[in-house]
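**Q** Structure, please.
(chains A and B)
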Amino acid sequence: MSVIGGGYMIRLAVVSGKGGTGKTVITGGLVHLSRCAKVMVDCDVDAANLELILNPRIIKREEFTGMEGAYINPSQCSGCGVCSDACRFGAIESIGDTYVVHPDQCEGCGVCRVICPSEAISMRPRVCGEIYYSETPYGNLVHARLAPGAANSGLLVGRIKKIALERNGECDLMLVDGPPGIGCPLISTITGMDQVLAVTEPSVSGLHDLQRLIRVCRPLRVNMVVAINKYDLNPGISDSIREYCGKEGIPVLGMIPYDESVMDAVRKGRLVTEYDTPAAQAIHHLWHEIVSTLRVRADAGQ
Amino acid sequence: MTTRMKIAIASGKGGTGKSMVAANLAWALAQSDRVTLVDCDVEEPNLHLFFPPDDPESTDVQVSIPAFDNSRCTLCGDCAGFCAFGALVVAKDRVLFFPEHCHSCGGCALVCPAGAITEIQRPIGTVTIRHLSAHLSLVTGTLNEGEVLGVKVIREAKRYAAKPGWLVCDASPGTSCPVVETLHGSDFCLLITESTPFGLHDLELAYSVTSHLGIPVGVVINRSDGKDEEVRRFCNERGIIVLATIPFDRWIAAVQGSGDLISRVDPAWKERFIALGGACRSSVGGT
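**A** Below you'll find the model as predicted:
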């Protein structure tokens, strides 16, 4: 572990548990405030938003092929239905006297292929989305778009993180905008991170979801810090969040006020910290605290 | 006659107010009709936070995983070679199993030539049923922390909720498999958005999923600051009806933030949510 600029790429992910707490706006602020060489990754591949505020110019696109999917060759299918009975995902349905695979339900396990007595089923690669490699005024951005309703979002997250690492080895910082939730894409996002910033909001849902997020991260030995966004909308619950984090030994490094000018900046395609507003000042302070935390940990040899 | 209608609430973007709309809509409709509210955001279920604590009944959601009879296993590697999810690795003296990667397809037991694999059950989540009033029940799917097979928990929660009356299913944010599982079988989808570039961008993504599935939609603009032109233009161009607009209001944020419902606190909001339910029903040609 090192401080930023110490010859090692620090990896920082912004996550939340609950959606819509302000991950992307805050990530944008940190992108703007960190002066070092960096690469950004938008791991919210279901609904990527960093591209809306970083003004990327796409320089390379590639297809994302996820897990293979089953395909039934109608000319070989005898219509026996053994595959449909064996499929645990309800992905195979009879149509007339033959069977077809529903790609949305097929998880690509291959059970139907081995069980088919007519050898009518093969596994085929499936395009599940697109990966973009872009330039922005602040550094390179790796982002993606999952095909509507597609599976494999965790796999796609892993893929874009790998691309960012391979092509930007000389950078001092990787800044990751994470997905909401605590499932597959989140676990894939926080794997290998040096620091995870959880952005929460003062509501019963925000606190509940933060607690679940912390319990998922703990066994994975993630170094977590917290910021409370719009803290002044419910100061009582903000206090409860601080108290809970205190008990858990998780530092609360930022308190960001509700600030109408934040969305005005987003509407102009600008970063929140380009303006001198209460929210921008709080994000300045947050970044300063994150850097100090990294420095303390580096000094302690962690 | 009892209404039978399945409404899904989705958004693409997180935090636009799906749970807020779902909870208020269900509570308002349950003043006169039977309603089952289903929390399909199994990674971060929140709907129970808006209702007083009661005596919930919980059932485990189980998945099948392989169990190995080491006395029969010949370490041939057919199981690991078959597993498309990387859940099995053949070591020197046994097969290593990584349960968090297993999709419960049953393929390893099927291909094992030595009959060394049987299947056992492993809990990955729970379905909890709460009877909130004479007309309203809440079915919550909860994925255990650290687990990844949320789709399986959603499927089980919806199975428990197959009852007459209104069914209101609250989806997770995003556009991938958990959202598809939630939308599956719905008569109508309410897409909740906010009047920001993020809200609009993700509304487009969510709409591409509902279109892909052929589910009719209506839009609710939440936390509107009046700058809704872009969202309205998007909806107009596609013939999508904006069924309700909820303003940004510190009072609403405070009620919601503290775990209450605006339709419970203010009769005017209750009437608006009842009207929203009626608008959903009319949109699909119901009466």
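**Q** so where do the strands sit in chain A?
**A** In chain A, the segments counted as strands under DSSP state E are A:10-15, A:38-42, A:57-65, A:69-72, A:92-95, A:98-101, A:121-124, A:127-136, A:139-146, A:173-177, A:195-200, A:224-229, A:252-256.
**Q** Quick one, which of the ones you listed gets closest to B:Asp225.
**A** strand A:224-229 (17.1 Å; Cβ to Cβ). In this view, the C-beta of every residue, glycine as well, is placed from N, C-alpha and C.
**Q** can you list contacts of that closest one?
**A** Identification of contacts with strand A:224-229 by Cβ atoms under 8 Å, 6 or more residues apart in numbering or on different chains yields A:21-22, A:26, A:195-202, A:210, A:214, A:217, A:238, A:241-242, A:245, A:250-256, A:286, A:289-290, A:293.
**Q** Residue ranges in the stretch 1-150 of chain B under the pLDDT threshold?
**A** Applying pLDDT under 70 to the stretch 1-150 of chain B picks out residues B:1-2.
**Q** what about the strands in it?
**A** B:5-10, B:35-39, B:57-68, B:88-90, B:95-97, B:117-131, B:136-143 (DSSP state E, counting those that start in this stretch).
**Q** got those as TSV, with distance to A:Glu166 and mean neighbour count columns?
**A** Formatted as TSV, the strands of the stretch 1-150 of chain B follow (distance: least, Cβ to Cβ, whole Å; neighbours: other Cβ atoms under 10 Å in any protein chain shown):
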stretch	distance to A:Glu166	mean neighbour count
strand B:5-10	35	26
strand B:35-39	40	28
strand B:57-68	34	16
strand B:88-90	25	18
strand B:95-97	28	17
strand B:117-131	33	17
strand B:136-143	32	25
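**Q** Rounded mean pLDDT for stretch A:254-266, please.
**A** Predicted confidence along stretch A:254-266 averages 94 (mean pLDDT).
**Q** Whether it contacts chain B - can you check?
**A** Yes. Judged by Cβ under 8 Å from any Cβ of the partner chain, stretch A:254-266 and chain B are in contact via A:Glu260, A:Met263, A:Val266.
**Q** and the residue nearest to the spatial centre of chain B, what is it in contact with?
**A** By Cα atoms, centre = their mean, the mean C-alpha position of chain B lies nearest to B:Cys40, the distance being 2.3 Å. For B:Cys40, the contacting residues are B:Gly141, B:Ile154, B:Ala157, B:Lys158, B:Cys169, B:Asp170, B:Ala171, B:Ser172, B:Pro178, B:Glu181, B:Thr182, by Cβ under 8 Å, 6+ apart.
**Q** if we go to 7 Å?
**A** B:Gly141, B:Ile154, B:Ala157, B:Cys169, B:Asp170, B:Ala171, B:Ser172, B:Thr182 (Cβ atoms under 7 Å, 6 or more residues apart in numbering or on different chains).
**Q** got it, and A:Ala47?
**A** A:Ala47 touches B:Gly12, B:Lys13, B:Pro173, B:Gly174, B:Thr175, B:Asp202, B:Leu205, counting by Cβ under 7 Å, 6+ apart.
**Q** quick one: low-confidence ranges for the stretch 1-150 of chain A?
**A** For the stretch 1-150 of chain A, the ranges with pLDDT under 70 are A:1-2.
**Q** List, one by one, the residues from it near chain B.
**A** A:17-21, A:24, A:46-47, A:49, A:52, A:67, A:88, A:104, A:107-111, A:114-115, A:146, A:148-150 (Cβ under 7 Å from any Cβ of the partner chain).
**Q** can you do 6 Å?
**A** A:17-20, A:46-47, A:49, A:52, A:88, A:104, A:107-111, A:146, A:148-149 (Cβ under 6 Å from any Cβ of the partner chain).
**Q** Show me those that map onto helices.
**A** Counting by DSSP state H, the part of those found in helices is A:Val111.
**Q** tell me the mean pLDDT over stretch B:223-233?
**A** In the prediction, stretch B:223-233 has an average pLDDT of 94.
**Q** list the buried ones in that stretch?
**A** Counting neighbours by 16 or more other Cβ atoms under 10 Å in any protein chain shown, one finds that the buried residues in stretch B:223-233 are B:Arg223, B:Ser224, B:Asp228, B:Val231.
**Q** Over to stretch B:105-121?
**A** The neighbour-count check on stretch B:105-121 (16+ other Cβ under 10 Å) flags B:Cys105, B:Gly106, B:Gly107, B:Cys108, B:Ala109, B:Leu110, B:Val111, B:Cys112, B:Ala116, B:Ile117 as buried.
**Q** now for these, which pair is the farthest apart?
**A** Longest span within these, Cβ to Cβ: B:Cys105 and B:Ala116, 17.4 Å.
**Q** Could you tell me how far B:Ile252 is located from chain A?
**A** Separation of B:Ile252 from chain A (Cβ to the nearest Cβ, to the nearest Å): 10 Å.
**Q** which residues does the residue lying closest to that residue once chain neighbours are set aside contact?
**A** In space, and not counting its chain neighbours, B:Ile252 is closest to B:Ile262: 5.7 Å by Cβ to Cβ, 6 or more residues apart in numbering or on different chains. Going by Cβ atoms under 6 Å, 6 or more residues apart in numbering or on different chains, B:Ile262 touches B:Ile252, B:Val255, B:Trp269.
**Q** Out of those, list just those in helices.
**A** Going by DSSP H, the helices hold B:Ile252, B:Val255, B:Trp269 from these.
**Q** Next, format these as CSV and append pLDDT.
**A** Supplementary listing: the ones in helices among the contacts of B:Ile262 in CSV, determined by pLDDT from 0 to 100:
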residue, pLDDT
B:Ile252, 95
B:Val255, 95
B:Trp269, 98
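**Q** Now a ChimeraX select for only the buried ones of these.
**A** In ChimeraX, this line selects whichever of the ones in helices among the contacts of B:Ile262 come out buried by 16+ other Cβ under 10 Å:
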select /B:252,255,269
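**Q** Could I get the contacting residues of residue 171?
**A** Just going to use chain A. So A:Cys171 contacts A:Met9, A:Ala37, A:Lys38, A:Val39 (Cβ under 6 Å, 6+ apart).
**Q** think we crossed wires, I meant chain B
**A** So B:Ala171 contacts B:Ala8, B:Ala10, B:Cys40, B:Val179, B:Thr182 (Cβ under 6 Å, 6+ apart).
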